[in-house]
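Participant: can't give you the sequence, but here's the structure:
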Ligand SMILES: Cc1ncc(COP(=O)(O)O)c(C=O)c1O
(Lines give C-alpha, C1' and ligand atoms only; values in the text may rest on other atoms or scores of the structure.)
Protein backbone atom coordinates (compact mmCIF):
# COMPACT_ATOMS: atom_id res chain seq x y z
CA UNK A 1 0.00 0.00 0.00
CA UNK A 2 1.34 3.39 -1.01
CA UNK A 3 1.29 5.94 1.83
CA UNK A 4 3.88 8.35 0.47
CA UNK A 5 1.75 10.85 -1.48
CA UNK A 6 3.92 13.78 -0.35
CA UNK A 7 6.81 12.24 -2.29
CA UNK A 8 4.73 11.84 -5.42
CA UNK A 9 1.22 10.84 -6.47
CA UNK A 10 0.00 8.22 -8.94
CA UNK A 11 -1.00 9.84 -12.21
CA UNK A 12 -4.77 10.26 -12.78
CA UNK A 13 -6.08 8.11 -15.71
CA UNK A 14 -7.64 11.19 -17.43
CA UNK A 15 -4.28 12.98 -17.20
CA UNK A 16 -2.60 10.03 -18.93
CA UNK A 17 -5.29 9.98 -21.62
CA UNK A 18 -4.87 13.70 -22.25
CA UNK A 19 -1.10 13.38 -22.48
CA UNK A 20 -1.24 10.42 -24.88
CA UNK A 21 -3.68 12.27 -27.13
CA UNK A 22 -1.44 15.36 -27.22
CA UNK A 23 1.72 13.32 -27.85
CA UNK A 24 0.06 11.34 -30.63
CA UNK A 25 -1.76 14.11 -32.39
CA UNK A 26 -0.24 17.49 -31.52
CA UNK A 27 3.45 17.32 -32.17
CA UNK A 28 3.74 20.94 -33.34
CA UNK A 29 6.13 23.45 -31.82
CA UNK A 30 4.08 26.22 -30.17
CA UNK A 31 6.55 28.81 -31.48
CA UNK A 32 5.93 27.82 -35.14
CA UNK A 33 3.57 30.05 -37.08
CA UNK A 34 1.97 27.31 -39.24
CA UNK A 35 -1.16 25.39 -38.31
CA UNK A 36 0.70 22.62 -36.43
CA UNK A 37 2.39 25.24 -34.30
CA UNK A 38 -0.84 27.18 -33.83
CA UNK A 39 -2.61 24.04 -32.53
CA UNK A 40 0.18 23.44 -30.01
CA UNK A 41 0.07 27.14 -29.03
CA UNK A 42 -3.66 26.82 -28.43
CA UNK A 43 -3.07 23.87 -26.06
CA UNK A 44 -0.34 25.79 -24.26
CA UNK A 45 -2.43 28.96 -23.90
CA UNK A 46 -5.55 27.15 -22.70
CA UNK A 47 -3.50 25.14 -20.19
CA UNK A 48 -1.93 28.33 -18.88
CA UNK A 49 -5.37 29.92 -18.54
CA UNK A 50 -6.45 26.95 -16.37
CA UNK A 51 -3.29 27.12 -14.24
CA UNK A 52 -3.57 30.90 -13.84
CA UNK A 53 -7.23 30.74 -12.82
CA UNK A 54 -6.44 28.09 -10.19
CA UNK A 55 -4.40 30.64 -8.19
CA UNK A 56 -6.20 33.86 -9.18
CA UNK A 57 -3.38 34.96 -11.50
CA UNK A 58 -3.24 36.24 -15.10
CA UNK A 59 -2.12 33.96 -17.93
CA UNK A 60 1.00 36.03 -18.59
CA UNK A 61 2.04 35.60 -14.95
CA UNK A 62 2.61 31.84 -15.39
CA UNK A 63 6.06 30.54 -16.39
CA UNK A 64 6.17 26.84 -17.23
CA UNK A 65 9.11 24.97 -15.67
CA UNK A 66 10.26 21.38 -15.15
CA UNK A 67 8.73 21.24 -11.63
CA UNK A 68 9.01 22.55 -8.09
CA UNK A 69 12.81 22.48 -7.92
CA UNK A 70 13.26 24.53 -11.06
CA UNK A 71 10.51 26.95 -10.04
CA UNK A 72 12.26 27.54 -6.71
CA UNK A 73 15.66 27.98 -8.38
CA UNK A 74 14.19 30.34 -10.98
CA UNK A 75 12.48 32.39 -8.27
CA UNK A 76 15.59 32.75 -6.09
CA UNK A 77 18.39 33.09 -8.65
CA UNK A 78 16.04 34.90 -11.05
CA UNK A 79 15.48 37.69 -8.51
CA UNK A 80 19.07 37.83 -7.25
CA UNK A 81 20.71 37.79 -10.69
CA UNK A 82 18.86 40.88 -11.90
CA UNK A 83 19.60 43.04 -8.85
CA UNK A 84 21.69 46.17 -9.44
CA UNK A 85 25.25 46.02 -8.04
CA UNK A 86 24.44 48.39 -5.18
CA UNK A 87 21.34 46.44 -4.03
CA UNK A 88 21.15 44.90 -0.55
CA UNK A 89 22.73 41.51 0.09
CA UNK A 90 20.48 40.10 2.80
CA UNK A 91 17.97 37.27 2.29
CA UNK A 92 15.54 35.69 4.75
CA UNK A 93 14.34 32.10 4.56
CA UNK A 94 13.65 29.28 7.03
CA UNK A 95 15.55 26.24 8.27
CA UNK A 96 12.75 23.96 7.07
CA UNK A 97 12.65 24.67 3.33
CA UNK A 98 12.90 21.98 0.67
CA UNK A 99 16.41 21.30 -0.65
CA UNK A 100 15.58 23.24 -3.82
CA UNK A 101 15.40 26.43 -1.70
CA UNK A 102 18.01 25.46 0.89
CA UNK A 103 20.77 24.69 -1.63
CA UNK A 104 20.37 27.90 -3.70
CA UNK A 105 20.55 29.82 -0.41
CA UNK A 106 23.77 28.03 0.61
CA UNK A 107 25.23 28.83 -2.80
CA UNK A 108 24.30 32.50 -2.47
CA UNK A 109 26.14 32.60 0.88
CA UNK A 110 29.31 31.68 -1.02
CA UNK A 111 28.62 34.63 -3.34
CA UNK A 112 28.61 37.30 -0.64
CA UNK A 113 24.96 37.19 0.44
CA UNK A 114 23.98 36.96 4.08
CA UNK A 115 21.11 34.56 4.66
CA UNK A 116 19.01 34.51 7.84
CA UNK A 117 17.46 31.05 8.40
CA UNK A 118 14.44 31.28 10.70
CA UNK A 119 14.06 28.27 13.02
CA UNK A 120 10.76 26.42 13.27
CA UNK A 121 8.80 26.37 16.51
CA UNK A 122 7.86 23.01 18.08
CA UNK A 123 4.50 23.16 16.23
CA UNK A 124 6.39 23.29 12.90
CA UNK A 125 5.56 26.90 12.02
CA UNK A 126 7.55 30.13 12.01
CA UNK A 127 7.30 32.84 14.66
CA UNK A 128 6.22 36.15 13.11
CA UNK A 129 7.98 38.23 15.79
CA UNK A 130 11.27 36.53 14.97
CA UNK A 131 10.64 37.20 11.27
CA UNK A 132 9.96 40.86 11.99
CA UNK A 133 13.23 41.15 13.90
CA UNK A 134 15.12 39.61 10.97
CA UNK A 135 13.91 42.22 8.45
CA UNK A 136 16.63 44.76 7.57
CA UNK A 137 16.79 47.70 5.18
CA UNK A 138 19.13 45.65 2.96
CA UNK A 139 16.84 42.57 2.82
CA UNK A 140 16.06 41.89 -0.83
CA UNK A 141 14.25 38.55 -0.77
CA UNK A 142 12.11 36.46 1.56
CA UNK A 143 11.39 32.82 0.70
CA UNK A 144 9.04 30.86 2.98
CA UNK A 145 7.19 27.70 2.04
CA UNK A 146 3.41 27.52 2.37
CA UNK A 147 3.15 23.92 3.61
CA UNK A 148 6.09 21.96 4.94
CA UNK A 149 6.71 18.69 3.08
CA UNK A 150 7.74 16.69 6.17
CA UNK A 151 5.22 17.83 8.80
CA UNK A 152 2.42 19.46 6.79
CA UNK A 153 2.76 22.61 8.96
CA UNK A 154 1.06 25.61 7.35
CA UNK A 155 2.93 28.93 7.30
CA UNK A 156 0.74 32.06 7.57
CA UNK A 157 1.69 33.49 4.17
CA UNK A 158 -1.00 36.19 4.15
CA UNK A 159 0.02 37.46 7.60
CA UNK A 160 3.70 37.29 6.67
CA UNK A 161 2.97 39.40 3.61
CA UNK A 162 1.11 42.01 5.69
CA UNK A 163 4.07 42.14 8.08
CA UNK A 164 6.78 42.56 5.47
CA UNK A 165 4.82 45.10 3.42
CA UNK A 166 4.46 47.21 6.59
CA UNK A 167 8.17 47.11 7.41
CA UNK A 168 9.78 46.71 3.99
CA UNK A 169 7.41 47.28 1.04
CA UNK A 170 9.96 46.59 -1.72
CA UNK A 171 11.24 43.20 -0.56
CA UNK A 172 10.43 40.36 -3.00
CA UNK A 173 8.34 37.58 -1.43
CA UNK A 174 8.49 34.03 -2.76
CA UNK A 175 6.58 31.01 -1.49
CA UNK A 176 7.06 27.36 -2.35
CA UNK A 177 3.46 26.13 -2.61
CA UNK A 178 4.31 22.64 -3.94
CA UNK A 179 2.75 20.83 -0.95
CA UNK A 180 -0.07 23.35 -0.59
CA UNK A 181 -1.58 23.24 -4.07
CA UNK A 182 -3.93 20.30 -3.56
CA UNK A 183 -5.41 21.10 -0.16
CA UNK A 184 -5.09 24.87 0.42
CA UNK A 185 -7.01 27.70 -1.26
CA UNK A 186 -4.45 29.73 -3.13
CA UNK A 187 -5.23 33.23 -4.34
CA UNK A 188 -2.09 35.18 -5.14
CA UNK A 189 -3.81 38.54 -4.70
CA UNK A 190 -5.00 37.61 -1.25
CA UNK A 191 -1.62 36.11 -0.31
CA UNK A 192 0.28 39.08 -1.74
CA UNK A 193 3.28 37.01 -2.86
CA UNK A 194 5.41 38.05 -5.84
CA UNK A 195 6.48 34.52 -6.78
CA UNK A 196 4.90 31.12 -6.11
CA UNK A 197 6.14 27.65 -7.06
CA UNK A 198 4.08 24.54 -7.89
CA UNK A 199 4.68 21.03 -9.22
CA UNK A 200 2.31 18.73 -11.15
CA UNK A 201 3.38 15.36 -9.74
CA UNK A 202 2.10 16.20 -6.25
CA UNK A 203 -1.46 16.60 -7.55
CA UNK A 204 -1.88 13.47 -9.72
CA UNK A 205 -0.18 15.12 -12.69
CA UNK A 206 2.99 14.07 -14.53
CA UNK A 207 6.54 14.42 -13.24
CA UNK A 208 8.85 16.99 -14.78
CA UNK A 209 6.36 19.83 -15.06
CA UNK A 210 5.50 22.77 -12.83
CA UNK A 211 5.06 26.50 -12.98
CA UNK A 212 6.32 29.62 -11.32
CA UNK A 213 3.82 32.41 -10.78
CA UNK A 214 5.57 35.75 -11.29
CA UNK A 215 3.56 38.84 -10.47
CA UNK A 216 3.41 41.33 -13.34
CA UNK A 217 6.16 43.90 -12.79
CA UNK A 218 8.33 41.60 -10.65
CA UNK A 219 11.67 41.28 -12.43
CA UNK A 220 13.62 38.04 -12.76
CA UNK A 221 16.46 36.97 -15.01
CA UNK A 222 16.00 33.76 -16.98
CA UNK A 223 18.30 30.90 -15.93
CA UNK A 224 18.02 29.07 -19.26
CA UNK A 225 19.21 31.35 -22.06
CA UNK A 226 18.14 30.78 -25.64
CA UNK A 227 14.82 31.39 -27.37
CA UNK A 228 12.13 33.80 -26.29
CA UNK A 229 9.75 31.20 -24.87
CA UNK A 230 7.80 31.93 -21.68
CA UNK A 231 8.08 35.67 -22.36
CA UNK A 232 11.88 35.45 -22.17
CA UNK A 233 11.74 33.93 -18.70
CA UNK A 234 12.72 30.37 -19.66
CA UNK A 235 14.16 29.37 -23.02
CA UNK A 236 13.33 26.01 -24.61
CA UNK A 237 10.44 24.42 -26.49
CA UNK A 238 7.64 23.80 -24.04
CA UNK A 239 6.67 20.26 -22.95
CA UNK A 240 3.17 20.50 -24.38
CA UNK A 241 2.00 17.02 -23.34
CA UNK A 242 3.22 17.56 -19.77
CA UNK A 243 1.64 21.00 -19.63
CA UNK A 244 -1.70 19.67 -20.96
CA UNK A 245 -1.50 16.85 -18.37
CA UNK A 246 -0.81 19.37 -15.59
CA UNK A 247 -3.81 21.50 -16.62
CA UNK A 248 -5.99 18.36 -16.75
CA UNK A 249 -4.90 17.43 -13.19
CA UNK A 250 -5.70 20.97 -12.02
CA UNK A 251 -9.17 20.88 -13.64
CA UNK A 252 -9.91 17.58 -11.90
CA UNK A 253 -8.63 18.93 -8.58
CA UNK A 254 -10.86 22.00 -8.88
CA UNK A 255 -14.15 20.20 -9.44
CA UNK A 256 -16.16 20.72 -6.24
CA UNK A 257 -17.02 17.00 -6.06
CA UNK A 258 -13.27 16.29 -6.03
CA UNK A 259 -12.59 18.29 -2.87
CA UNK A 260 -10.22 15.78 -1.29
CA UNK A 261 -9.84 17.53 2.06
CA UNK A 262 -12.72 15.91 4.03
CA UNK A 263 -11.78 12.43 2.79
CA UNK A 264 -8.08 12.91 3.54
CA UNK A 265 -8.93 14.26 6.99
CA UNK A 266 -11.03 11.15 7.59
CA UNK A 267 -8.11 8.95 6.49
CA UNK A 268 -5.79 10.76 8.88
CA UNK A 269 -8.22 10.49 11.78
CA UNK A 270 -8.73 6.78 11.05
CA UNK A 271 -4.97 6.34 11.11
CA UNK A 272 -4.56 8.07 14.47
CA UNK A 273 -7.51 6.16 15.96
CA UNK A 274 -6.05 2.89 14.65
CA UNK A 275 -2.77 3.29 16.51
CA UNK A 276 -4.10 5.05 19.64
CA UNK A 277 -3.70 2.83 22.70
CA UNK A 278 -1.83 0.17 20.69
CA UNK A 279 1.65 1.71 20.58
CA UNK A 280 3.25 4.81 22.12
CA UNK A 281 3.41 7.73 19.68
CA UNK A 282 3.28 11.51 19.34
CA UNK A 283 2.47 13.62 16.30
CA UNK A 284 5.38 15.91 15.44
CA UNK A 285 4.13 19.46 15.11
CA UNK A 286 0.65 20.88 15.38
CA UNK A 287 -2.20 18.47 14.82
CA UNK A 288 -4.52 21.23 13.67
CA UNK A 289 -2.66 24.00 11.82
CA UNK A 290 -1.52 21.63 9.10
CA UNK A 291 -2.30 20.30 5.66
CA UNK A 292 -4.27 17.07 6.16
CA UNK A 293 -2.31 14.82 3.80
CA UNK A 294 0.93 14.74 5.83
CA UNK A 295 1.36 13.10 9.23
CA UNK A 296 4.77 13.05 10.91
CA UNK A 297 4.80 10.68 13.87
CA UNK A 298 7.33 9.87 16.57
CA UNK A 299 7.38 6.29 17.85
CA UNK A 300 9.65 6.45 20.93
CA UNK A 301 12.32 3.76 20.90
CA UNK A 302 11.62 2.65 17.30
CA UNK A 303 14.39 3.77 14.93
CA UNK A 304 12.90 4.95 11.64
CA UNK A 305 15.76 3.34 9.72
CA UNK A 306 14.41 -0.01 10.99
CA UNK A 307 10.72 0.77 10.77
CA UNK A 308 10.70 2.02 7.17
CA UNK A 309 12.29 -1.15 5.63
CA UNK A 310 10.26 -3.46 7.91
CA UNK A 311 7.07 -1.73 6.75
CA UNK A 312 8.20 -2.00 3.14
CA UNK A 313 8.62 -5.77 3.60
CA UNK A 314 5.13 -5.85 5.13
CA UNK A 315 3.75 -4.04 2.05
CA UNK A 316 3.50 -0.44 3.33
CA UNK A 317 5.45 2.30 1.53
CA UNK A 318 6.21 5.32 3.71
CA UNK A 319 9.28 7.45 4.30
CA UNK A 320 11.35 8.69 7.20
CA UNK A 321 11.26 12.28 5.99
CA UNK A 322 11.22 13.91 2.60
CA UNK A 323 11.95 11.76 -0.47
CA UNK A 324 15.33 13.45 -0.73
CA UNK A 325 16.45 12.85 2.86
CA UNK A 326 14.89 9.41 3.31
CA UNK A 327 17.44 7.70 1.06
CA UNK A 328 20.33 9.04 3.08
CA UNK A 329 21.49 8.80 6.70
CA UNK A 330 21.15 12.56 7.20
CA UNK A 331 18.86 13.70 9.99
CA UNK A 332 15.74 15.57 8.92
CA UNK A 333 16.66 19.26 8.94
CA UNK A 334 12.99 19.99 9.64
CA UNK A 335 12.79 17.95 12.85
CA UNK A 336 16.22 19.22 13.94
CA UNK A 337 14.95 22.78 13.52
CA UNK A 338 11.80 22.02 15.54
CA UNK A 339 13.34 19.94 18.35
CA UNK A 340 17.11 20.53 18.33
CA UNK A 341 19.90 18.18 17.19
CA UNK A 342 19.86 15.78 20.15
CA UNK A 343 16.17 14.91 20.28
CA UNK A 344 15.30 11.19 19.78
CA UNK A 345 12.44 12.29 17.51
CA UNK A 346 15.05 13.02 14.84
CA UNK A 347 15.80 9.31 14.39
CA UNK A 348 12.50 7.77 15.51
CA UNK A 349 9.93 9.54 13.33
CA UNK A 350 8.23 8.64 10.08
CA UNK A 351 6.18 10.56 7.53
CA UNK A 352 2.90 9.08 6.35
CA UNK A 353 1.09 10.88 3.56
CA UNK A 354 -2.37 10.21 2.22
CA UNK A 355 -4.07 10.51 -1.16
CA UNK A 356 -7.64 10.63 -2.40
CA UNK A 357 -7.79 7.11 -3.82
CA UNK A 358 -7.11 5.42 -0.46
CA UNK A 359 -10.10 4.03 1.43
CA UNK A 360 -10.87 3.96 5.14
CA UNK A 361 -10.49 0.15 4.99
CA UNK A 362 -6.98 0.59 3.48
CA UNK A 363 -5.97 2.78 6.41
CA UNK A 364 -7.48 0.44 9.01
CA UNK A 365 -5.46 -2.34 7.43
CA UNK A 366 -2.31 -0.19 7.33
CA UNK A 367 -2.57 0.67 11.04
CA UNK A 368 -2.88 -3.02 11.94
CA UNK A 369 0.28 -3.79 9.94
CA UNK A 370 2.07 -0.81 11.49
CA UNK A 371 1.19 -1.84 15.04
CA UNK A 372 2.26 -5.45 14.34
CA UNK A 373 5.55 -4.24 12.85
CA UNK A 374 6.33 -1.95 15.78
CA UNK A 375 5.59 -4.72 18.30
CA UNK A 376 7.86 -7.04 16.29
CA UNK A 377 10.71 -4.51 16.32
CA UNK A 378 10.24 -4.00 20.09
CA UNK A 379 10.29 -7.76 20.58
CA UNK A 380 13.45 -8.16 18.49
CA UNK A 381 15.27 -5.41 20.37
CA UNK A 382 14.27 -6.89 23.75
CA UNK A 383 15.64 -10.27 22.65
CA UNK A 384 18.87 -8.57 21.57
CA UNK A 385 19.17 -6.90 24.99
CA UNK A 386 18.62 -10.18 26.88
CA UNK A 387 21.23 -12.04 24.76
C1 LIG B 1 7.92 21.58 -0.69
C2 LIG B 1 8.55 21.05 -1.95
N3 LIG B 1 9.18 21.92 -2.77
C4 LIG B 1 9.75 21.52 -3.90
C5 LIG B 1 9.73 20.21 -4.29
C6 LIG B 1 10.39 19.79 -5.57
O7 LIG B 1 9.43 19.54 -6.58
P8 LIG B 1 9.86 18.69 -7.86
O9 LIG B 1 9.98 17.27 -7.43
O10 LIG B 1 8.74 18.92 -8.83
O11 LIG B 1 11.13 19.26 -8.36
C12 LIG B 1 9.08 19.26 -3.47
C13 LIG B 1 9.10 17.82 -3.82
O14 LIG B 1 9.27 16.95 -2.99
C15 LIG B 1 8.48 19.70 -2.27
O16 LIG B 1 7.85 18.85 -1.45
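Facilitator: Structure's in. What do you need? The structure presented is a predicted model; accordingly, all values stated were derived computationally and were not measured.

Participant: what about residue 296, helix or strand, and which?
Facilitator: strand 294-298 (DSSP states H and E).

Participant: what comes up buried for the next helix or strand after that strand?
Facilitator: Using DSSP H and E, the helix or strand that follows strand 294-298 towards the C-terminus is helix 304-313. For helix 304-313, the neighbour count (16 or more other CB atoms under 10 Å) marks 304, 307-308, 310-311 as buried. (Each C-beta comes from the backbone N, C-alpha and C, glycine too.)

Participant: Mind jotting down where the helices sit in the stretch 51-200 of the chain?
Facilitator: 68-81, 99-110, 128-134, 157-167, 188-191 (DSSP state H, counting those that start in this stretch).

Participant: isn't residue 45 right up against residue 59?
Facilitator: Yes: applying CB atoms under 8 Å, one finds residue 45 in contact with residue 59, separated by 7.0 Å.

Participant: Off-centre distance for stretch 164-175?
Facilitator: Distance, stretch centre to chain centre, for stretch 164-175: 22 Å (CA atoms, centre = their mean, to the nearest Å).

Participant: which of the helices of the stretch 51-200 of the chain is buried the deepest?
Facilitator: helix 68-81 (a mean of 24; mean count of other CB atoms under 10 Å).

Participant: any idea of the pLDDT on residue 302?
Facilitator: We note a pLDDT of 96 for residue 302 in this prediction.

Participant: Look up how far residue 377 lies from it.
Facilitator: Counting by CB to CB, to the nearest Å, the gap from residue 302 to residue 377 is 6 Å.

Participant: what are the ranges of the strands in the stretch 251-387 of the chain?
Facilitator: In the stretch 251-387 of the chain, the strands defined using DSSP state E, counting those that start in this stretch lie at 282-283, 294-298, 349-353.

Participant: typo on my end, the stretch 1-150 of the chain
Facilitator: For the stretch 1-150 of the chain, the strands defined by DSSP E, counting those that start in this stretch cover 62-65, 90-94, 114-118, 139-143.

Participant: To residue 224, which of the ones you listed lies closest?
Facilitator: strand 62-65 (9.4 Å; CB to CB).

Participant: Could you give the average pLDDT over that closest one?
Facilitator: 98.

Participant: what's the answer for stretch 274-289, then?
Facilitator: 94.
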